[in-house]
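>>> output the structure for:
(3 chains)
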Amino acid sequence: MEYKATIGIEIHCELKTKSGMFSGAPNEFGLEANAGTCAIDLAMPGTLPELNEEGVRKAIQACTAFHLTLDPLVRFDRKNYFYSDLAKGFQITQQFHPLGRDGYLMIDTPEGKKKVRINRIHMEEDTAKQFHMNDKTLMDFNRSGVPLIEIVSEPDMTTGQEAEAYVEALRQTLYYIGASDAKMEEGSMRCDVNISLAPAGADHLGTKNEIKNINSISNVGKAIDFEIARQKAIYEAGGTIEQETRRFDDKINETVLMRKKEGIVDYKYFPEPNIPPIRLSAEWIKDIQDNMPELPDEKRVRYAEEYGLSSHDIGILIANKEMAEFFEKTMTLSENAKGVCNWLLSDISGWLNKNGQAVDSSALTPEHLAAFIGLIDEGRISSKQAKELLDDLMTGKDPVQAAKDRGLEQVSDAGAIEAIVAQVLDANPQAIADFAAGKNKAVGFLVGQVMKASAGKANPAIVNGLIQEMLKKRIS
Amino acid sequence: MDKNQEKEYLLSLARSLMFDFPGEEADWIVKEFETIRKQLAVLDEVDTEGVEEATWPFEDETTYLRKDEVTDVLTQEEALMNAKEVLAGHIVIPRVVK
Amino acid sequence: MIKEIRENRETAAEVCRKAYADTQALQPKLNAVITFIDPEEQLANLPAEGLLRGVPVAVKDNCCTKGILTTAGSAILRDFVPPYDSTIVENLKKEGAVMICKTSMDELAMGGANTTAFTGPVHNPWDENRIPGGSSGGSVALVAAGVVPMAIGSDTGDSIRKPAAWCGVIGVKPTYGLISRYGCVPYASSLDTLGVITRSVEDACIALQAVAGRDSRDMTSADVEIPDYLASLNSDMHGKKLAVLGNVMDGLLNDNVRKVFNGIVEKLKERGAQVDVVYFDQKIMRAVLPAYYAIANAEASSNNADLDGMRFGVREPGETTEDIMMNTRTKNFNKMIRRRFTIGAFALDGENQEKIFRKAKKVRRLICEEINGCLEEYDAILAPTDGDIAPRFDDPGADPLSDYNLVTGGHLDLENFNGSPSMSVPMGFDQGCPLGISISAKPFDEITMFNVAKAVEEITGLKGLTAEVK
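Predicted coordinates:
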């Protein structure tokens, strides 16, 4: 029997701000435990929330990037529940009036482009971080109050692959617009999947299960594929699917039960009385929307039109924002987009990987890369010589100077080469005879001799031309 | 609703707020709610058809947003000075995930 | 009094030391204090100028004081030392006030008798067998006893005004948002208002000016200029239109209260005021207290969810984190406070959210329309602050569904709902205990409220009224 999965995804994403959503505590990963918190985020009595302008700006950027309709009257609500990581005993969120509604995102699927609708984006705040150790849990409140947006999709996806594409497209866009670091490994982007499975063509959806805390994009696909297979097996064995919350265990590549759902939890939502409605000015919103950073999709189109790169190369370049930015900077100094792109994606990426460096923090500069590509394009060094220069280039040396220092620069002066060719011809009468007899490989032999005589510096193309020319003269 | 149902219900409300009415207090709160329910029912005497809720005394919208600056950060010592059990800069509680 | 203390710079330290010593001497009788604050360090660091320079002040224990125990009257916070000052305390310090103590209050400001503080009940300075009223009972008792010229209180339903009336002092609940709530342990955020308690209208003017003002840390803080109330004070009643709340008068059971109140009204008329008896819709008036129960307790049940024994405050033992929270909150909240939280949870629970909580918020709008409508026509609204003198500790209380309880006893919630400034001024006595008159004005029109209060004070001659504690 065929089954159809219906998949919706909720993403929590930490916004890239200097301070908290409602407090002045630093929004910084990796500080010493509880050394980056404040009275507000520890929910000490009497403290009150003070909404961060930059948090709202970043959330507006996200809404804009995904085509949501903005509500310019910002309102917050309380979600009430007790848990050790929730300092106030409630979370300030936007249950009743989310900042943005009804957007979408285009994803690539094997069948082509597909639109995934986004139901809402709302602002809220993160909880404290807990570390579990033997019989204890250790609490670090530095993360408490970090600005978050929650992005809720419509259940528009049907496969693990589509879900992966959706999460990757979201991640890339959020990262490009600078709204978030969107690092699933560091927890700055977190993903919960809702999935239900029903026989293909059925007029009802299956029981909805939730998979929480998936920690990488590839695990999104794996978790869904596993869950589809698991539920299918239950159906086929004549069983029924129970409503459950599960998590993905990446050691065994399986989803495992966290808890059975017992009714609906009543969070007793009500409007946050400490934050009056805040009217965002139309000018401010317009200013944010008019000055949006270029989105990955827009970049894709531009790279094809402006630089004529292949969609494959564009995909790889854009997947790494820093690489794409480096490429663009280099292209302000170079004409050869393909050359710059090829070197960045092959030898330079290889070198960076091997040395554990990132392009934006390495010693390589766009100026040096442009000069380096220029040396090759002008025929002043060969591709082979260029590879010999790679270490110098990557350790911050000026490639022109480095080529000189290493004595790599090709001799392209026809007069100088002609003298060497004449010498070589004089010394190899047999080769001239072979050429006269129609043995063209004699030319190759002679080129080799000239290169040897010039210690490899002669431009091989010029050498080749000169030899042909001078041979013809000698046998005519 | 009979007394036992009411008691169970009120105790479930209390427990949702992480406290209890132990011993005789359980009967006491049931008794209290006889009056409380009657007092709250006085609200029903007011016709609120078509009336919007009011959350604040005034309904002026504001425009103020805080500038994104780091301020009022507590030192680790200040953050932990009221905590009952501390280990390596963390507040310690019994393990919450089994 | 404040002005004299401020201006006699060489005696300020002496005044503060005496206030500190007198307050300590009164403690066995009144039990008004939770924590004493030695004034010496503050006296050594007084600012050069300030509206309250060198003035001894008592501060309600729900205002956080950096490095000084702040309990809000609750056992759950009996060891809590805040690493921050509330804005009102910052303002007091800036203006040179010398805090001599943190005062007793009903636990988490949720009470009207001042009998639920973990440190035990506070006694009324006029009669030790009577309650002072709450929740600002400690602050009010100390001002009434004459040991400090001013104190800070908070008022969510009537918690400054009613005890002020019962202890014979001036209690001011200014406009919602006029004083920042930042750092004040909350009861109900949409109603909570900090205020001042004094023994003269002039002192109330100075005290309010000193602590009011915009604070960005409280997003509900009003962005208005604070005037010099004292300079604006004018007791001329010519051209003033005053409304007497008929619903409250009709519910009175104590004829002497009516007599004293009407006597003042007559004198106000003699001074040129037009005074009319006005009636609000009685159904709405009866719903004021129930709406207050629903809204205030719902907000309170959520506001106090931070008191869980995890990061600060008392932590009771328990096997699991949930056990710790349960034990901590069960053992350290008075059952009266747990009762109120339960009312809050009840109002927000499932279908009740619509039937009770949202219903109460709709009733709130109708209440606001009633009072705002009246204040469009009248400069101020008058009523007896309460229907009687302070009850004895063993008083069983009124019939909870009676007009006397709901309207005459509950009308002070009106100004918490619409945000109006409202104050109680001593108006006379019954059985040797003080009575108060409540005066309310349009939001942000504290000046008119103070002007009427000044006229009342001149009529009664009770400026500086002080109880002699036996």
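>>> now do the contacts for the closest residue to chain C within the stretch 1-150 of chain A.
Per Cβ to the nearest Cβ, residue A:89 is where the stretch 1-150 of chain A lies closest to chain C, at 2.3 Å. From N, CA and C alone the C-beta is placed, and that goes for glycine too. Residues in contact with residue A:89, defined by Cβ atoms under 8 Å, 6 or more residues apart in numbering or on different chains, are A:43, A:80, A:81, A:82, C:302, C:304, C:305, C:306, C:308.
>>> and the first one, what does it touch?
The one in question is residue A:43. Residue A:43 touches A:87, A:88, A:89, A:144, C:306, C:311, counting by Cβ under 8 Å, 6+ apart.
>>> would TSV of the residues you listed with pLDDT and secondary structure be doable?
What follows is the contacts of residue A:43, written out as TSV (pLDDT from 0 to 100; DSSP: H, G, I helix; E, B strand; the rest coil):
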residue	pLDDT	secondary structure
A:87	98	coil
A:88	98	coil
A:89	98	coil
A:144	98	coil
C:306	98	helix
C:311	97	coil
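>>> out of these, who's nearest chain B?
residue C:311 (5.8 Å).
>>> thought the closest one was touching residue A:87?
Yes - the criterion here is Cβ atoms under 8 Å, and residue C:311 meets it with residue A:87 at 6.5 Å.
>>> pull the longest helix from chain B.
The longest helix of chain B (DSSP state H) is helix B:25-41.
>>> that one: what's the following helix or strand?
helix B:76-80 (DSSP states H and E).
>>> give me the mean pLDDT for that next one.
Averaging pLDDT along helix B:76-80 gives 98.
>>> who's in contact with it?
Residues contacting helix B:76-80 (Cβ under 8 Å, 6+ apart): A:32, A:33, A:34, A:35, A:37, A:42, A:141, B:86, B:89, B:91, C:83.
>>> would you format those residues as JSON lines with distance to residue B:53 and secondary structure included?
As requested, the contacts of helix B:76-80 are exported to JSON lines (distance: Cβ to Cβ, whole Å; DSSP: H, G, I helix; E, B strand; the rest coil):
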{"residue": "A:32", "distance to residue B:53": "45", "secondary structure": "coil"}
{"residue": "A:33", "distance to residue B:53": "42", "secondary structure": "coil"}
{"residue": "A:34", "distance to residue B:53": "39", "secondary structure": "coil"}
{"residue": "A:35", "distance to residue B:53": "42", "secondary structure": "coil"}
{"residue": "A:37", "distance to residue B:53": "35", "secondary structure": "strand"}
{"residue": "A:42", "distance to residue B:53": "31", "secondary structure": "coil"}
{"residue": "A:141", "distance to residue B:53": "34", "secondary structure": "helix"}
{"residue": "B:86", "distance to residue B:53": "44", "secondary structure": "strand"}
{"residue": "B:89", "distance to residue B:53": "44", "secondary structure": "coil"}
{"residue": "B:91", "distance to residue B:53": "38", "secondary structure": "strand"}
{"residue": "C:83", "distance to residue B:53": "37", "secondary structure": "coil"}
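>>> quick one: which of the residues you listed is nearest residue A:335?
Lowest distance from residue A:335 to the contacts of helix B:76-80 (Cβ to Cβ) belongs to residue A:32, with 49.8 Å.
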